[in-house]
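Peer 1: Give the three-dimensional model of this entry:
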Amino acid sequence: MAQDLLSVEGLETAYGQSQVLFGVSLRIAEGQVATLLGRNGMGKTTTVRSIMGMTAAKSGKIHFAGRLLTGLPSYRIAQAGIGLVPEGRQIFPNLTVRENLLATAANRRHAKDPWTLEKIFELLVNLRERQNHYGNQLSGGEQQMLAIGRALMTNPRLLILDEATEGLAPLIRVEIYRSIERLKAAGLAILVIDKDVKTLIRVADLHYMLEKGRVVWSGSSVELAANEDVQHRYLGV
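Peer 2: Take a look at the predicted model:
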């Protein structure tokens, strides 16, 4: 069995007096693609924010590559090897595509074949011809591709995509999922939040279903595809 890269155990998070997560646990192995599924407001983004140290957890433990991350500031967690493509993209609007990518470039783990501008442009081909355009001149799909490229330029061991294709045109969604499949084939571990269950079943290995801040179901793509009751109950599909 592959060793866990990310391990989340008993995670509980609150905003003030309002608790959002109740004992969330999940595991992602090296090279594995996992998903967080659930309707809006069920705690998916809060789980990501807790993993990244953006929202402090009340209790629970988060380990990454054998290192305890709980309580560390966000920049230390990013430096440990987790790249985040946040909900809303949050690219730098007044920097060019090229500048956005170079702003985050780092190879702290001394990867033998690190991400470069050329490799990003090979993976996300739309960005090549837009490399001198400013972030606020890009379409929503181009901004999402830029956010993915920016995260990859940190040379992460785990890539997290929060709302990977929300609000994007169908052709752009296909392109982004094609990129995710290429990253998976290259051995990158990925955690995806999205609503395209049919595509996620094809692309991902493992799924975690959240309902009111709790993991109510987990299983493989084969198990999820065969369990239409779970899909209807927790996803409304």
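Peer 1: quick one, strands of the chain?
Peer 2: Taking DSSP state E to define them, one finds strands in the chain at 4-15, 18-29, 33-37, 57-64, 67-68, 82-85, 158-162, 189-193, 206-211, 214-220.
Peer 1: hey, what's the closest residue in space to residue 48 that isn't next to it in sequence bridged with?
Peer 2: On the basis of C-beta to C-beta, 6 or more residues apart in numbering, the spatially nearest residue to residue 48 that is not a chain neighbour turns out to be residue 162, at 5.2 Å. For the C-beta atoms, the positions are set from N, CA and C on the backbone; glycine is no exception. With DSSP bridges as the criterion, the beta-bridge partners of residue 162 are residue 193.
Peer 1: what's the longest helix in this structure?
Peer 2: Within the chain, and with DSSP state H defining each element, the longest helix by residue count is helix 170-185.
Peer 1: just checking, residue 62 touches residue 71?
Peer 2: No: using C-beta atoms under 8 Å, residue 62 makes no contact with residue 71, being 9.1 Å away.
Peer 1: Pick out whichever of the two has more residues nearby.
Peer 2: Using other C-beta atoms under 10 Å, the more surrounded residue of residue 62 and residue 71 is residue 62, with 21 against 11.
Peer 1: which one is the more buried one nearest to, not counting chain neighbours?
Peer 2: On the basis of C-beta to C-beta, 6+ apart, the spatially nearest residue to residue 62 that is not a chain neighbour turns out to be residue 69, at 4.5 Å.
Peer 1: just for the chain, where's the confidence low?
Peer 2: When residues are selected by pLDDT under 70, those of the chain lie in 1-2, 237.
Peer 1: Just want the most central residue of the chain.
Peer 2: The structure's the chain has its C-alpha centroid closest to residue 160; by C-alpha atoms, centre = their mean the separation is 1.6 Å.
Peer 1: wait, what's in contact with that one?
Peer 2: By C-beta atoms under 8 Å, 6 or more residues apart in numbering, residue 160 lies in contact with 48, 51-52, 82-85, 190-191.
Peer 1: In CSV: the strands of the chain, plus distance to residue 171.
Peer 2: Rendered in CSV, the data for the strands of the chain read as follows (distance: least, C-beta to C-beta, whole Å):
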stretch, distance to residue 171
strand 4-15, 31
strand 18-29, 29
strand 33-37, 22
strand 57-64, 34
strand 67-68, 40
strand 82-85, 19
strand 158-162, 18
strand 189-193, 19
strand 206-211, 25
strand 214-220, 29
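Peer 1: Identify whichever of the ones you listed lies nearest to residue 132.
Peer 2: strand 82-85 (22.3 Å; C-beta to C-beta).
Peer 1: which residues touch the closest residue to residue 150 other than its chain neighbours?
Peer 2: With C-beta to C-beta, 6+ apart as the measure, residue 104 is the residue that lies nearest to residue 150, at 5.1 Å, once sequence neighbours are left out. Residue 104 makes contact with 150-151, 153-154 under the criterion C-beta under 8 Å, 6+ apart.
Peer 1: Would you confirm that residue 31 contacts residue 189?
Peer 2: Yes: because the distance of 5.8 Å satisfies C-beta under 8 Å, residue 31 is recorded as touching residue 189.
Peer 1: neighbour-wise, which of these two wins?
Peer 2: Summary of the neighbour comparison: residue 31 and residue 189, criterion other C-beta under 10 Å, with residue 189 having more neighbours (25 against 16).
Peer 1: and the gap between that one and residue 218?
Peer 2: Residue 189 sits 16 Å away from residue 218, going by C-beta to C-beta, to the nearest Å.
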